[in-house]
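**Student:** Predicted model and sequence follow; I will ask about them next.
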Amino acid sequence: MLRHHRLQRFLPLVLLVVLAAVTPLDDAHAQDAPGRIKGFVKDGETGELLDYANVLLAGTTRGTMSLGGGVFYFNVAPGTYTVKVLYLGYAPMEQTVTVTAGGTIEVAFTLETVIVETLQAFDVAGAEYMVEVKSAVTEHTVSAETFEKYAIDSVEDALAKQAGVVSRAGELYVRGGRSGEVQYQMDGVTVSNPLGTGHMEVSTLAVESMALVTGGLDAKYGNALSGVANITTKEGGEKFGGGVRWLTDDFGRQDKTYTNYDRLEYGFGGPTPVKGLTYFLAGDLTFSDGENTSVAHRPETKIKLGDTTLMKFRRRQFNQAKGSLKLAYSFDESKKITAEYSYSRSMNERYSPNWSVEGYGRRIVYMPTVLFRSNANVTGWFATGGAIPVYYGPWFETMLEDATTVMVIEQLNDSERHVPMPVLEVRSAADNRLYHVIAQPQFDGFKYPYSSFSTVAEDSSYTDFNSANRSLQSTAIGQVAKIVWRQNITESTFYIVRLGLVAFDSRNDVQGKDPYQYNHGGIDNPGVFFGQRRLYQQGTDYYTDPLSAYYITTSDYFTYTEEYSRTYSLGFELVSNRWAGHLLEGGAGVRYNDLERYALANPARMRQSRFTLEWSQGGNRNVFHTYNPEAYWYMQDRWEYEGMVVNYGLRWDMFSPGSSAAIELANEDVDANVTKYKTAFQPRLGFAFPITERDGFHFHYGRFVQFPSREYLFASQDPVGMGGGTLGNPNLQPETTIQYSAGIKHQFSDYVAGQFSLYSKDIYDLIAATQVTDESTGTTLARYINKAYASARGI
């Protein structure tokens, strides 16, 4: 079933949900992903650590006291804060710090003694250290300022620039892992496609910060073997602000344009007339022809005012639009809700040298032949069951007028069928002889050796064509709607609830055609008589002209694909630092996937099952529609004692292929029982301690699992219909990584810092393919299994 009409109903529903979620009530300043301020207070003359100093967050009602060696903590929402320290007998001191989502800022206050009678106000400016010397996590952070100032095209581009990350063909490989092993999140909500075909993309001007965790993953992170990329999106502030930028490689002369690249980005936000309600709107439009320009003809769009054309443009090979709207509303200082809707749409044309040719091809028409003969019982025109190639020409347009209607006889074993048909005489392209044919073409197109390529129309049989117009066009839509609620239970404890809907839709086709409308090799033509006739085979006899190596006929590209993915998620997270020296976290969540794939090779071909005799669309088929649930919980603690920090935690993940999952392969060596619930416990342990204020050492051990892409699980198991594809296996186990890492961090100066890390990874149950035979059909095909092992060592 084709699903592309469902998109029309999704956007209005999401907008209603987002608007309803942010119905305003009051005010607060908490962010979705909390940050942390840690500091210590000491005497400027003696260096003695000072307990019982009063520490305040200026502009708020929050405060605390330095204890346990002059140390204090604040758990706060991301943002900029002014920390003020008051101590009797010392001059007041304050510093301004910026807290990022999930980050920890350390500040030091060195107080100077004063005589009360001569106290006076003064300002002190402090800068945070560039390295976190008490963290066992290997994390790369990119701020909004970095996105705005430097040549970073996308979040993926920023990730590819980090140490330990390699980008190839748009895929990221982290620390020796495979592609697809990085989980993407937006404000803590997973936005990766369960079918394994990408993730939600956002505009760079919508990003407040981006953190890539490649080592030392805490128990809160799961279902990722190599790393987690968490994107925190911007919220509107107390004042309106934003920006617009345009990037292009068009420098005035079209022959100097490299890829015909243009990109418009925008992002702005601020308060609304409703007190406490803020918004941030961002997006970008990107258009490019790429390095290899196709010769496809694209329609021109004109914007007019009356008879005057204001603007005209054509679609390019690569076109993408992204946008997002985030609303935030605060009830009071302890409660806040945010709602965000993000949208991404791309329309791209596939480039292939063999599908980027423009010229003339000699057109061939296959006509069914008839023969006049007589036998003992009847004399007349008999259907031969054959067909001859005839060069296209003016006769083709007038053949019905030129034909004579006669009674054509089809002999069926002991019976005959008489059908009136138009018959005319034509000359065969194969042997140049005259034949009588029925004026109903069975095929009209191009076929070697009769068709040849030319840059000019050498005679009336040559027809102009543009093979790029028959190449694959891809349309992909991603949508994310999420609501995040945060509430402080006490000054030291808060919880977060996240509700998300992530949707992906894609369609790959030729000129918007449905499968039965394709014109390509491998078509079974029903013919006039004798049922199915396969006149047009795929292979070199169809696709290639030996005299023109890049010549491809007007065949439509031979694949059609539709994908549909909906993921519904609910997550809960509790954070507390109630006990001195401990930061406790725990959480749980569920996800539910509704997934469908409709992929056909040679989509116009009708295939008949030799077992059921039923006809189905497509030469090779990978068609499934399935539902599957997932769940998780985790507990972790960050324990800090006398300068040393220990992170320890435990995570549990559950995945089910769904109640309807079954092994359809008939092979006695293959276990036909499907494990309905697959679970995995994953311990995590790490520690870190500072060597100096500018140096730190860390170590981490962790066990990580990642459940297979749903394509591997649910791909068709039909050994005949899959053709050359790989059979799905709903009994696949999660891939498992055991990783050790250690490293040293050092800040060389106020502006230069570095990190040196070693890691070792052993990866088990990697998914591979093996040859199996279906005993009911005798067909041998590849099938996904857990088979491979890998290891990675690196610096």
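**Tutor:** Ah, there it is.

**Student:** Residue 444 is in contact with residue 389, isn't it?
**Tutor:** No - shown here, residue 444 and residue 389 do not form a contact pair, counting by CB atoms under 8 Å, at 11.0 Å. Yep, even glycine has a C-beta here, placed from its N, CA and C like the rest.

**Student:** Identify the contacts common to these two.
**Tutor:** Common neighbours of residue 444 and residue 389, using CB atoms under 8 Å, 6 or more residues apart in numbering, are 364-366.

**Student:** ok so, going back, of residue 444 and residue 389, which one has the most company?
**Tutor:** Taking other CB atoms under 10 Å, residue 444 and residue 389 do not tie; residue 389 has more neighbours (18 against 14).

**Student:** What strand or helix carries the residue nearest to that one when sequence neighbours are not counted?
**Tutor:** Spatial nearest neighbour of residue 389, excluding adjacent residues (CB to CB, 6 or more residues apart in numbering): residue 429 at 4.4 Å. Under DSSP states H and E, no helix or strand contains residue 429.

**Student:** With residue 712 instead?
**Tutor:** helix 710-714.

**Student:** One more: residue 645?
**Tutor:** Secondary-structure assignment from DSSP H and E places residue 645 in strand 644-655.

**Student:** again with residue 756
**Tutor:** Element membership of residue 756, judged by DSSP H and E, is strand 753-774.

**Student:** Can you tell me the strand partners of the following helix or strand past that strand and which way each runs?
**Tutor:** On the C-terminal side of strand 753-774, the closest following helix or strand by DSSP H and E is strand 779-794. Using DSSP bridges, strand 779-794 pairs in its sheet with strand 726-727 (parallel), strand 753-774 (antiparallel).

**Student:** Residue 168: which of those is closest?
**Tutor:** Evaluated over the strands paired with strand 779-794, closeness to residue 168 peaks at strand 753-774, with 18.3 Å, by CB to CB.

**Student:** can you give me how far the closest one is from the chain middle?
**Tutor:** Relative to its parent chain, strand 753-774 has a centroid offset of 21 Å by CA atoms, centre = their mean, to the nearest Å.

**Student:** and if you look at stretch 207-226?
**Tutor:** Centroid separation for stretch 207-226 versus its chain: 17 Å, with CA atoms, centre = their mean.

**Student:** Endpoint to endpoint, it covers what distance?
**Tutor:** Distance across stretch 207-226, first residue to last, is 22 Å (CA to CA, to the nearest Å).

**Student:** before we move on, what about stretch 662-677?
**Tutor:** Length of stretch 662-677, first residue to last, CA to CA: 13 Å.

**Student:** and that stretch, average pLDDT?
**Tutor:** Mean pLDDT, computed over stretch 662-677, is 83.

**Student:** Ok, stretch 555-566 next?
**Tutor:** Mean pLDDT, stretch 555-566: 89.

**Student:** related to what we said a few turns ago, please identify the deepest-packed of the strands paired with strand 779-794.
**Tutor:** Each of the strands paired with strand 779-794 was scored by mean neighbour count; the highest is strand 726-727, a mean of 20, by mean count of other CB atoms under 10 Å.

**Student:** May I have the helix or strand following that strand exported as CSV, CA atoms only?
**Tutor:** Note on strand 726-727: by DSSP H and E, the next helix or strand toward the C-terminus is strand 735-747. Taking Å, rounded to 0.1, in the frame of the first residue of the first chain, the C-alpha atoms of strand 735-747 are listed here in CSV:
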residue,chain,number,x,y,z
GLU,A,735,25.4,-5.8,18.8
THR,A,736,27.6,-5.4,21.9
THR,A,737,30.7,-3.3,22.6
ILE,A,738,33.0,-3.5,25.6
GLN,A,739,35.1,-0.4,25.8
TYR,A,740,38.0,0.8,28.0
SER,A,741,39.3,4.3,27.7
ALA,A,742,41.8,6.5,29.5
GLY,A,743,43.0,10.0,29.0
ILE,A,744,44.7,13.2,30.2
LYS,A,745,43.4,16.7,29.9
HIS,A,746,45.6,19.8,30.1
GLN,A,747,45.1,23.5,29.7
